[in-house]
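**Student:** One predicted model, sequence on top.
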Amino acid sequence: MPELPEVEYTARQLRDHIIGATIGEALVFWQRTIGHPDLPDFLAEIAGRRIEGVRRRGKFLVLDLSGDLILTIHRRMTGNLLLLPPGWEVDTSLQQSDPIAWNIKGPSFMEQGRDDKEKGYDASRTYNSELLYCRVCYNLADGRRLLFTDPRKFGRIELWPCERELEALEGLGPEPLSDEFTVEGLTRALAGRKGAIKQVLLAQEVIAGLGNIYADEALFYASIHPLRRANSLTRSEIELLHKGIVSVLTLGIEHGGTSFSEYRDLWGEAGDNYNHVRVYHQQGQPCVRCGIPIERIIVGQRSTHFCPNCQKLIQV
Ligand SMILES: [Zn+2]
């Protein structure tokens, strides 16, 4: 699942390429991807809007549109954004010929004027398999297409008036890479919570944007066992955890995000951060600090990775 670094990296790429572009129209291939408003209103409202800004809030990507609207995109498990240059055509013939396959794969995209057989051209090699599973396609007025691809179909896109932004993004805690994320604030947030620290870190109202990968990495950074009761952390442990959260998220962005599974950037490229993780999915591998094999346990139904030696379970 894309977390803060992956969404931030995409936001930065989008900012460099689509500010000022106008959305001619949106094509929606999987109706339930649109969470608000109803599909006919969504299609009518979004047509002709200029993209004026690109932001991130937690794991949400937020596009500021002309006419005081915001478009929020939550990628959930497998959602990605992909920007196609002009000259790509969309083929929706599968919808008629094989509706079952259509519901899984969606349309296909091909570059206009290319003779596939003659040149041995394979579109999937250029843009990976991400060209499949397109749920929403924004046709930009300049001929480019911004695709929202999502194999698992859990991603949601919503269109809201600016003044309802708080409602659209409700329940989000402080941004961990901003000044509002402080040791004092984190201490207060953890004080009332008896749950395992790993689970508490995943609660978006505690810290916006943290997910499974970076929570495991931050706990390793701070040498805290994932099952420690959140309200049992000492002042120095919270300080270290705060530092760890900022550190692993910052590095994640610098490495272009973690592509453990589906995450791809705007050009369909994998991020590099998986080559830099210390514990996430490293079970059985020697700990980089002490050499003891990393272990995997389940905490709150999420797989959790830690070093049993560096992150001892002590309850204080
Ligand atoms: Zn260790």
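**Tutor:** Alright, I've got the coordinates.

**Student:** what bits of this protein have low per-residue confidence?
**Tutor:** In the prediction, the chain carries residues with pLDDT under 70 at positions 113-130, 315-316.

**Student:** So which bits of it are right by the ion?
**Tutor:** Neighbours of the ion within the chain, by C-beta under 5 Å from the ion: 287, 289-290, 307, 309-310. Every residue, glycine included, has its C-beta placed from N, CA and C.

**Student:** Apply 8 Å and report the result again.
**Tutor:** Proximity of the chain to the ion is confined to 287-292, 294, 307-311 under the rule C-beta under 8 Å from the ion.

**Student:** Just the buried ones from these, in ChimeraX syntax?
**Tutor:** To isolate the buried ones among the residues of the chain next to the ion in ChimeraX, judged by 16 or more other C-beta atoms under 10 Å, type:
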select :287,294,307,310,311
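
**Student:** between the residues of the chain next to the ion, which is closest to Pro40?
**Tutor:** Among the residues of the chain next to the ion, Ile294 lies closest to Pro40 (C-beta to C-beta), at 50.8 Å.

**Student:** Verify the contact between the closest one and Gln283 for me.
**Tutor:** Yes - the pair Ile294 / Gln283 is scored as a contact, 5.3 Å apart, by C-beta atoms under 8 Å.

**Student:** show me where the stretch 151-300 of the chain has helices.
**Tutor:** Ranges of helices in the stretch 151-300 of the chain, per DSSP state H, counting those that start in this stretch, are 165-168, 183-191, 197-202, 212-221, 235-254.

**Student:** same question, the stretch 1-150 of the chain
**Tutor:** 4-18, 39-46, 94-97, 99-105, 116-119, 123-126.

**Student:** how about the ones you listed, which one is nearest Arg135?
**Tutor:** Taking the helices of the stretch 1-150 of the chain one by one with C-beta to C-beta, helix 99-105 is closest: 10.7 Å.

**Student:** So for that closest one, what gets flagged as buried?
**Tutor:** Of the residues in helix 99-105, 102, 105 count as buried by neighbour count, 16+ other C-beta under 10 Å.

**Student:** helices and strands around that helix, which ones?
**Tutor:** Judged by 3 or more C-beta pairs under 8 Å, 6 or more residues apart in numbering; DSSP states H and E, helix 99-105 is in contact with helix 94-97.

**Student:** And for the helix it packs on, what's in contact with it?
**Tutor:** The contact list for helix 94-97 (C-beta atoms under 8 Å, 6 or more residues apart in numbering) reads 101-102, 105-108.

**Student:** now do 10 Å
**Tutor:** Outside helix 94-97, the residues that touch it by C-beta atoms under 10 Å, 6 or more residues apart in numbering are 29, 100-108.
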